[in-house]
Every structure is written in structure tokens, then in C-alpha cells.
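Engineer: Everything below, folded, please.
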Amino acid sequence: MATIARTTARVFYYARNVARDIIPQALFRRRLAARLETARLSGEPARRRLNYYNKLQDGFTPSAKAVRISELPFTPTMYYYDLKEFARYFDPGLLIDVEFGDVMKVPKVPSIVKDRPIRDDDSNAVIMKLDKFRHFQMPADTIPFADKLPAVVWRGDLNNPIRTRFLEAARDLPFCDAGSHKPNAPAEYAKPFLTISQHQRYRYIVSLEGNDVATNLKWILNSKSLCLMPPPTYETWFAERQLEADVHYVPLAADFSDLAEHVAFFERHPAKAERIVAAANAYCRTFDNEQTEQAISLLVLYKYFVLSGQIKPDADVWRYITG
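Structural biologist: Just a heads-up that it's a prediction; the model follows:
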């Protein structure tokens, strides 16, 4: 259920991106060198992030299914616009392999993706900040941890057995307000829809992966509530792999048998909960600087096109990328 502010933001998102597509694209391409020069001055943390998202080190050849930048698939629309925002700075004839949507496996060839499974051999999955309107929604939270309801909350679609398992474990716990607001939810798990601000009234918010990453994870970690979740198995631009258990979130057992124990502990030790919340908030601030976010996005693509042999690297920019 969208708020007026969210609907307005969506309209602005589409209007801005449609306008970018209407503007002669050569104007963007003429600005590439200047933007790269600015990007290479972003500093060491940004360099580490771009090489985390794009872990490729060796040259490669785009696959037979690669598409030209000028022919990127238009659906899902937000994926198209989020990739085109930076791809438009490059020659429209450059080839790129893309996998839009929820990526459950690491691609066989280097490809641009929104997410990837957390595993050691994941370098073919080159992460870009795609579907960011949905996934990077991180509204402020003005309610201190101590002033929140001493209870656990969760809402979501039952599109993963993990979520059903959680509801089974939480069903008889009096301090849990957990269920699904979806029309197809079983009656015993049906609960009314809650907005983000309504979730923020609770001290403990559970995050559970769905088709891939948990959409609510980012705004939970940006709130003053404590995030409870099993360790993540997928990651996006948010770099979920880098989140530390008991530092940024409270890890839950696979069967959720420790849920009551965790809540009881943090009710006795609220200062420890607040330290985790503070660390989670600090992690979210990594993504606050829009200029840095854009620089990293552009460099992730630049590195992809250089290693695919399609453009010759600028010496200074490439020296920054490779360290």
C-alpha cells in the first residue's frame, strides 16, 4: 500500500528517466571522460566497493546472447532505467550480458545483475544498483529503541519455506506480531498490512529472504529497531555478505528456536541492542553519498567494458581501479 509521498517519488522517478531517454544520448557520451576523471578521485573506500561489485580480473568475450547498450531489454522497466542511467555514457554499440530480475545462480558468463548468491566463485555476477527504487528505500526512524513496543514484528509474502517456518515458530509466542498480509496467505497466518513506519514502532523487526534478498533489510538496519535474521545467502549493492552477526544484526537459528531467548536477552540488556542498532545505522550511511554511488556505478561498468576488450582504458582511471 503506497503512501502519497512514495507515489509522488515513483512519478518523479519515471519522469526523470523518460526525460533522460529523450535527451540526445550523445550529450551523455561527451561527458564520459569528465565523469570518469571525477570518479577516479572518489578515494580508497569507493575503489574497494567497485572491485567488490565487479570482481572480474581477467579479459573475457561477451556471449552470443549479449545485447547492445542501445537494445537493453525494457522490462522490468526499473531495471532498464537503473542500468541505462550509467550505460548511456558509453558507445551504444558496446555489448553487455545482463540478467534482470532475481538471480538465483551465478551466471556462466560475466553479466550485470541485481543480486548474486553468496559464494566464493561469484565473480561472473557483476552487481549494479538495480531496482533501487524498491530495494533502497531507507526512511528515517525517529522513535528511540527504548520507546518502541517490546515485541517482534514481521510481514511478508510466503514465497520461501523459511518464512513459513518462521511463522510456525512464532505463532504461539505472545510477543510476536508476525504474519502475511497477502490475499493468498493461509487463515492462520493472515495479518493486516503494516507500513514501514508502523513496523518502526516495534523494538525487534525480523528480516527473511524471499526469492533472493530480503527487501526490508535495508530499511530495518537504517531504523532504530533491532534486526533479527538468519545469516544472508544472497547479496545486492548493499553487500549483505559484509554484514556481521552480533555487530549489525542478531543471527537467528535456521529453525528460529532461539527467537524467545534473543528477545529476553536484549530486554535485559537494552544497551547492547542499541550498540548493534548504531552499528547497523553506520553501515547504512555507507550508501548516503549520491555522488560516490554514481561514481562507483559508472566505474563498475567501465571495468566491465575494459575487461571485455571493447574499450581501451584511460591510464589514470585504470590505475585507480586496479590500485
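Engineer: how close does P231 get to G43?
Structural biologist: Shown here: P231 relative to G43, a distance of 30 Å by Cβ to Cβ, to the nearest Å. (C-beta placed from N, C-alpha, C; glycine too.)
Engineer: the more surrounded of those two?
Structural biologist: P231 (15 against 11; other Cβ atoms under 10 Å).
Engineer: residues contacting the more buried one?
Structural biologist: With contact set as Cβ atoms under 8 Å, 6 or more residues apart in numbering, P231 has these partners: 245, 251.
Engineer: change it to 10 Å
Structural biologist: 118, 209, 240-241, 243-245, 249, 251-252, 254 (Cβ atoms under 10 Å, 6 or more residues apart in numbering).
Engineer: again with G93
Structural biologist: 68-71, 310.
Engineer: at 8 Å instead, please
Structural biologist: So G93 contacts 68-70 (Cβ under 8 Å, 6+ apart).
Engineer: ok, those vs V18, which is closest?
Structural biologist: S70 (16.7 Å; Cβ to Cβ).
Engineer: could you pull out the helices for the stretch 201-323 of the chain?
Structural biologist: For the stretch 201-323 of the chain, the helices defined by DSSP state H, counting those that start in this stretch occupy 217-221, 259-268, 270-284, 290-307, 315-322.
Engineer: most packed of these?
Structural biologist: helix 217-221 (a mean of 24; mean count of other Cβ atoms under 10 Å).
Engineer: quick check: mean pLDDT across that helix?
Structural biologist: Mean per-residue pLDDT for helix 217-221: 98.
Engineer: Likewise for stretch 256-268?
Structural biologist: Stretch 256-268 comes out at a mean pLDDT of 98.
Engineer: Stretch 116-123 too?
Structural biologist: The average pLDDT within stretch 116-123 is 96.
Engineer: picking that back up, for the contacts of P231, pick the one with the most neighbours.
Structural biologist: For those, neighbours were counted using other Cβ under 10 Å, and Y249 has the most, 26 neighbours in all.
Engineer: In this structure that residue contacts S225, no?
Structural biologist: No - between Y249 and S225 there is no contact under Cβ atoms under 8 Å: 10.9 Å.
Engineer: Roughly how far does the closest residue in space to D82 that isn't next to it in sequence sit from C284?
Structural biologist: In space, and not counting its chain neighbours, D82 is closest to L130: 4.7 Å by Cβ to Cβ, 6 or more residues apart in numbering. Applying Cβ to Cβ, the value for L130 to C284 is 19 Å.
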